[in-house]
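Visitor: Build me a model from this:
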Amino acid sequence: NEEQLRDLLRQVLEALSACHARGVVHCDLKPGNLLVTAEGKVLLADFGISRAFQADNDDFQGSLSASRALWGTPQYWPPEAWEGEKPTPAWDLYALGVVAFEAATGTLPFAATTLASLMREKLDPESISVHDVAPDLAPGLARIIDWLSESDPAMRPASAADALAQLNEASAQVRTVYGA
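Guide: Residues are numbered from 1 along each chain as shown. Down below sits the predicted model:
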């Protein structure tokens, strides 16, 4: 349900905000790396391929070599990963957008069946809106998901904290309108 999805997004954005504040990009955010306890607490797992970064320094710690394409989960890679860009917090935000799209619709936001077709779809700047697949999704929640999964990293939230603030605002509007 939408409330559970908002709660999942909130908890993951809080975790990402903490990671990014410490200079860590997860690099493999996907449903299998989000563990939910019996109490509903979401845990971000598997930091095995995470990378350290410094926003003000081009010296990327843990930079990848020619094996770059061999780590992570391609369905959740942002378009810039396919172009060989260094991981940044925007990578994790994109992956969270794909996770949220999948949670809201039951499907990934692309129909690719091969790695090559997946790359072509990811590099196409025209991305599908979650609202096209799930028209009954609350508009504020749909906007957050679409914002996270923007193909251009400059169009994504500036940080997990920014996305969290917008999510909280959208959630407050839902509570005001629906009393939820």
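Visitor: contacting residues around the residue nearest the centre of the chain?
Guide: Per C-alpha atoms, centre = their mean, the C-alpha nearest to the average position across the chain is that of L96, at 1.9 Å. Going by C-beta atoms under 8 Å, 6 or more residues apart in numbering, L96 touches L9, V12, L13, L16, L29, L148. From N, CA and C alone the C-beta is placed, and that goes for glycine too.
Visitor: which residues in this structure form helices?
Guide: Listed in chain order, the helices found in the chain under DSSP state H are 2-21, 79-82, 89-105, 115-123, 130-133, 139-148, 160-178.
Visitor: hmm, back to that, pick the one among the contacts of L96 closest to A103.
Guide: Closest approach between the contacts of L96 and A103, by C-beta to C-beta: L9, at 8.8 Å.
Visitor: Could you list the low-pLDDT ranges of the protein?
Guide: 53-71, 125, 173-180 (pLDDT under 70).
Visitor: circling back: and the two most separated of the contacts of L96?
Guide: Across the contacts of L96, the longest distance by C-beta to C-beta is 11.9 Å; it joins L9 and L29.
Visitor: Looking at these two now, which is surrounded by more residues?
Guide: Legend: neighbour count by other C-beta atoms under 10 Å for L9 and L29, higher for L29 (28 against 25).
Visitor: Would you mind listing the residues in contact with that one?
Guide: V12, L16, L44, Y76, D92, A95, L96, V99.
Visitor: And for Q75, nearest residue in space, chain neighbours not counted?
Guide: Of all residues not flanking Q75 in the chain, L108 sits nearest, at 5.8 Å (C-beta to C-beta, 6 or more residues apart in numbering).
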